[in-house]
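Colleague: model this:
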Amino acid sequence: MLVIRRAGDRGLADHGWLLSRHTFSFADYHDPRHMGFRALRVINEDRVQPGRGFGMHGHRDMEILSYVLEGALRHKDSMGTGSVIVPGDVQRMSAGTGVMHSEFNASDKERVHFLQIWLLPSRRGSAPGYEQKSFEAEDKRGRLRLVASPDGADGSVTVRADAKLYASLLDRGQRVEHVVGPGRHAWIQIARGKVDVAGQGLDAGDGASSSDAGDLPIVGVEAAELLVFDLG
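Modeller: Below you'll find the predicted structure:
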């Protein structure tokens, strides 16, 4: 059974400089029916105006992934890391025992559009950490490309959570298939475009979960970009 979370039903925060849609409860948006899914705690779709961003603030015991769709995101943290994240990059910051960081739009002309993802760690109290890797579009086109995993398999970033994250770019009619193993669970997030998942139409911003073991076919209805989480 596929449980769908429609884009228009998500929480909304409009601060002028920031437009954010919350798939799960976050900050001032609270819905006890949507507190996360398995280890997946946050999916925020953020659009940040030029030159604006999130000032230095702290986190603990959370695995935080950033996935940029358009523009560029400038990162700084208390570990001494400084970087710019662009489309194709996956950034992982492990908050662990505590880290301070800031995220700003790197451009003073163009908006940045990205997904902020939080995963509950398998263990609390680990040392903070940071990792960033780039994945070519052709490596994601027409297939599910592993971009984050507990063991860094296939060149993915290493995430300290019971989760694997796949990214895919589908043209119209292209098909991929994710196998949900026994005792595993899947969350699919549509970043752009439109797909058919097991006979259900999903548009940009929609998410869906499945806890049924078996094949989960995904077909591009139009050009689309999506993320698939495999969760314990």
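
Colleague: Check the offset of stretch 195-204 from the chain's centre.
Modeller: When distances are taken as Cα atoms, centre = their mean, to the nearest Å, stretch 195-204 is centred 18 Å away from the chain's centroid.

Colleague: Mind jotting down where the helices sit in the chain?
Modeller: For the chain, helices defined by DSSP state H occupy the ranges 137-140.

Colleague: Check it and tell me which residue is nearest its centre.
Modeller: Relative to the mean C-alpha position of the chain, the nearest C-alpha, by Cα atoms, centre = their mean, is the one of I117, at 4.3 Å.

Colleague: Does that one have any beta-bridge partners, and if so which?
Modeller: I43, L65 (DSSP bridges).

Colleague: hang on, it packs against D46?
Modeller: No: counting by Cβ atoms under 8 Å, I117 does not reach D46; the two are 10.9 Å apart. From N, CA and C alone the C-beta is placed, and that goes for glycine too.

Colleague: tell me which residues form a beta bridge with V3?
Modeller: S209.

Colleague: Burial check on it, number of neighbours?
Modeller: Close neighbours of V3, defined as other Cβ atoms under 10 Å, add up to 12.

Colleague: residue contacts, it?
Modeller: Contacts for V3 (Cβ atoms under 8 Å, 6 or more residues apart in numbering) come out as 208-210.

Colleague: ranking those by neighbours, who comes first?
Modeller: Busiest of these [other Cβ under 10 Å] is A208, holding 21 neighbours.

Colleague: surely it meets H185?
Modeller: No: taking contacts as Cβ under 8 Å, A208 lies outside contact range of H185: 11.5 Å.

Colleague: Count the residues that sit near Y166.
Modeller: Count around Y166 with other Cβ under 10 Å applied: 22.

Colleague: could you list every residue that touches it?
Modeller: Y166 neighbours (Cβ under 8 Å, 6+ apart): 144-147, 178, 227-230.

Colleague: Identify the bridge partners of it.
Modeller: Applying DSSP bridges, one finds that Y166 bridges with L146, V228.

Colleague: now do D196
Modeller: Taking DSSP bridges as the rule, D196 bridges to G201, V219.

Colleague: now swap in G58 and tell me
Modeller: Beta-bridge partners, per DSSP bridges, of G58: M100.

Colleague: any idea how far G155 lies from D139?
Modeller: Separation of G155 from D139 (Cβ to Cβ, to the nearest Å): 9 Å.

Colleague: out of the two, which sits in the busier spot?
Modeller: Neighbours per residue, other Cβ under 10 Å: of G155 and D139, the larger number sits with D139, 16 against 12.

Colleague: How about the contacts made by the residue lying closest to the more buried one once chain neighbours are set aside?
Modeller: The shortest distance from D139 to any non-neighbouring residue, by Cβ to Cβ, 6 or more residues apart in numbering, is to R145 (5.1 Å). Contacts for R145 were tallied using Cβ under 8 Å, 6+ apart; they are 135, 139, 166-168.

Colleague: Tell me the pLDDT of R145.
Modeller: As summarised for this prediction, R145 has a pLDDT of 98.

Colleague: What separation do you get for it and R60?
Modeller: Taking Cβ to Cβ, one finds R145 at 30 Å from R60.

Colleague: do P50 as well
Modeller: P50 is 31 Å from R60, by Cβ to Cβ.

Colleague: Could you check how many residues crowd around S134?
Modeller: Neighbour count for S134, taken as other Cβ under 10 Å: 12.

Colleague: Surely it and P87 touch.
Modeller: No: contact criterion Cβ under 8 Å: S134 and P87 do not qualify, at 9.3 Å.
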